[in-house]
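Asks: Predicted model follows, preceded by the sequence.
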Amino acid sequence: MSFMDHLEVLRWHLFRSAIVLIVVAIFVFVYVDWIFDNIIFAPAKKDFISYTGLCRLSHYLHLGDSLCMPPIDIQLQGNTVSGPFMSAISISFIGAIVIAFPYLIWEVWKFVKPALSAKEIKYATGSIGWVSLCFFTGAAFGYFLLAPFTFNFLANFQLGHLGVYKYMPTLDDYIDTLTSLILGCGIAFELPVLAYVLSKLGLITPAFLKEYRKYAYVVILIVAAVITPSPDWTSQTIVAVPLIILYEISIVISKRVDKQRKIEEAQWD
């Protein structure tokens, strides 16, 4: 195929992806009030499942109230006439991206597949499922664990002792913060999949990952600081520790892939 033919194929993949996103976004918009009350604003409620679950776990482990976070009371405000409507549009499209993520990955796979050999296609079997699983796991991690810690810290943080500051975030700020946590963690949890692909291509090796492990930890800490809007060390640690574990898992995956690749090369020789 010529370059223009590739662009034409890509255009249709993008067109179908856009149609699916629009359809799902319309569906989300129809139920946006329920979604906002029960999903978007849920991490800011004192009876959120993560708050009650951590507190029960603390009592079960006989740790007292060490894992019980103080209650929060967030009242969102708006400073623009179109604020609620534009926020509903943002919620609709962000929700569409999350819901339609497996389909979007499938469209990417359909575009890349013709350029792969039969052996590479065999290796990529199930890749859509694994990519989707890692994304949804990271999104759930950001929503159920990181978001409560972040909002709890920000809501209870006080500047000075005079009580002259009242914490009233805007609706847009709240949605942007929650979105960055969910999508940021979802993308960050794709690290094992990325390690698998790069190892298959021979671009990285387990020796390379081990050699640059200390530098990778520094990058992970920086990424954790970027993903978490709050500056407290607790939220950053909650993000950094799973990413470090994922990096170590990536080393194991790369080691297995590299071993299999060497066996196949020896058989080919």
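Replies: On my side now, so go ahead.
Asks: Tell me how many other residues surround residue 80.
Replies: 12 (other Cβ atoms under 10 Å). C-betas here are computed from N, CA, C, even on glycine.
Asks: tell me the phi and psi of it?
Replies: Main-chain dihedrals, residue 80, degrees, to the nearest 10: phi -130, psi 150.
Asks: And residue 170, by the same measure?
Replies: Main-chain torsions, residue 170, degrees, to the nearest 10: phi -80, psi 160.
Asks: so where's the stretch 1-150 of the chain uncertain?
Replies: For the stretch 1-150 of the chain, applying pLDDT under 70 flags the ranges 1, 66-67, 71, 123.
Asks: Show me where it has its strands.
Replies: Counting by DSSP state E, counting those that start in this stretch, one finds no strands in the stretch 1-150 of the chain.
Asks: can you pull out the helices in the protein?
Replies: 3-30, 32-35, 49-60, 83-99, 101-112, 118-123, 127-141, 147-156, 171-188, 191-200, 206-211, 213-227, 233-268 (DSSP state H).
Asks: what about those helices, which gets the closest to residue 74?
Replies: Nearest to residue 74 among the helices of the chain is helix 147-156; the distance by Cβ to Cβ comes to 5.5 Å.
Asks: Could you list which residues are in contact with the residue most central in space within the chain?
Replies: The residue lying closest to the centre of the chain (Cα atoms, centre = their mean) is residue 186, at 1.6 Å. The neighbours of residue 186, taking Cβ atoms under 8 Å, 6 or more residues apart in numbering as the test, are 98, 101, 134, 135, 136, 138, 139, 142.
Asks: Kindly provide the distance from the fourth one to residue 246.
Replies: Read it as residue 135. Between residue 135 and residue 246 the distance, using Cβ to Cβ, to the nearest Å, works out to 13 Å.
Asks: One more: the first one?
Replies: Residue 98 is 20 Å from residue 246, where distance means Cβ to Cβ.
Asks: cool, the fifth one as well?
Replies: Between residue 136 and residue 246 the distance, using Cβ to Cβ, works out to 15 Å.
Asks: which of the two has more neighbours?
Replies: Between residue 136 and residue 246, counted using other Cβ under 10 Å, residue 246 has the larger neighbour count: 21 against 15.
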